[in-house]
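J.: Model the structure of this input:
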Amino acid sequence: MSFRIRQLENQLGVNLFTRHRNNIRLTTAGEKLLPYAETLMNTWQAARKEVAHTSRHNEFSIGASASLWECMLNAWLGRLYQLQEPQSGLQFEARIAQRQSLVKQLHERQLDLLITTEAPKMDEFSSQLLGHFTLALYCSSPARKKSELNYLRLEWGPDFQQHETGLIAADEVPVLTTSSAELARQQLSALNGCSWLPVNWVNEKGGLHTVADSATLSRPLYAIWLQNSDKYSLICDLLKTDVLDEQ
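T.: Got it, this is the predicted structure:
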């Protein structure tokens, strides 16, 4: 390593370190070089990962919001693993992010499959409607009305906010906004709140009650991928396993 450092110093024509016995510190030139060195290392790591990714055809990335993973996709992923042949060697990557970020990753071929509640808006995407799930307004105590509760906004997508407007008071300000259904569920009691949660997921968890003067809302679930995806055959095979099998 000392030889490589001296070689770099000779190439740059400056000393990068001061050396006093075991006390080694960066010089001013070394400090200036540091951010460029970090950038080079990050670029190198990204390049190695990208090259390695092209040689590992058994990797498959699935992206969705935190709430979808928590409420239904986690169980689906488990079923996919159970149905895989031992010799297939298929490796899944489960990504959690906002829809906008995942759409960008899909467009840039950094993501293989997106699961979301909104239909695609770009011509280069293909999609399949996986089914519908039901949301209801829940709180931690029975026989409560919306006017008695604080609102916890769980992000189910921009189009859900259009429906949400007609289902809560116009002047209702959320005391909490989150993309995690589990976090919202755990905060209902402490915040004297209510939130829109999937009915089947809540029934499985238990301990919550529907708000007395509220309705239910059906939401679609879509699988989205690039039209010319080289993983198309695999996508078709994976989607044969119902995502909403227990919904």
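
J.: For residue 158, which non-adjacent residue is closest in space?
T.: The spatially closest residue to residue 158, leaving aside those adjacent along the chain, is residue 118, at 7.4 Å (C-beta to C-beta, 6 or more residues apart in numbering). Heads up, the C-betas are built off the backbone N, CA and C, glycines and all.

J.: what about that neighbour, how many neighbours?
T.: 19 (other C-beta atoms under 10 Å).

J.: Phi first, then psi, for it.
T.: Residue 118 has phi and psi values of phi -120, psi 140 when expressed as degrees, to the nearest 10.

J.: Please tell me how far it sits from residue 183.
T.: Between residue 118 and residue 183 the distance, using C-beta to C-beta, to the nearest Å, works out to 22 Å.

J.: What residues of the longest helix along the chain count as buried?
T.: Selection of the longest helix in the chain by residue count, based on DSSP state H, yields helix 28-55. By neighbour count, with 16 or more other C-beta atoms under 10 Å as the criterion, the buried positions of helix 28-55 are 30, 33.

J.: other SSEs contacting the lowest-mean-pLDDT helix or strand in the chain?
T.: Using mean pLDDT, DSSP states H and E, helix 158-167 stands out as the lowest-scoring helix or strand of the chain, at a mean of 73. Counting contacts by 3 or more C-beta pairs under 8 Å, 6 or more residues apart in numbering; DSSP states H and E, the secondary-structure elements packed against helix 158-167 are strand 216-226.

J.: and the strand it packs on, average pLDDT?
T.: Within the predicted structure, the mean pLDDT of strand 216-226 is 94.

J.: now the angle from that strand to helix 158-167?
T.: 170 degrees (axes from the mean of the first three to the mean of the last three C-alpha atoms, to 10 degrees).

J.: For the residue nearest the centre of the chain, give the beta-bridge partners.
T.: The geometric centre of the chain, computed from its C-alpha atoms, lies nearest to residue 96 (C-alpha atoms, centre = their mean), at 1.4 Å. On the basis of DSSP bridges, residue 96 takes part in beta bridges with residue 64.

J.: Distance-wise, check it relative to residue 124.
T.: Taking C-beta to C-beta as the measure, residue 96 and residue 124 are separated by 24 Å.

J.: next one: residue 118
T.: Here residue 118 is placed at a distance of 16 Å from residue 124 (C-beta to C-beta).

J.: Parallel or antiparallel, which strands does the longest strand belonging to the chain pair with?
T.: Criterion DSSP state E: the longest strand present in the chain is strand 125-139. Here strand 125-139 has these sheet partners by DSSP bridges: strand 193-198 (antiparallel), strand 209-210 (antiparallel), strand 216-226 (antiparallel).

J.: Please tabulate the ones you listed in TSV, including the columns mean neighbour count and distance to residue 58.
T.: As requested, these are exported to TSV (neighbours: other C-beta atoms under 10 Å; distance: least, C-beta to C-beta, whole Å):
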stretch	mean neighbour count	distance to residue 58
strand 193-198	25	31
strand 209-210	18	44
strand 216-226	18	17
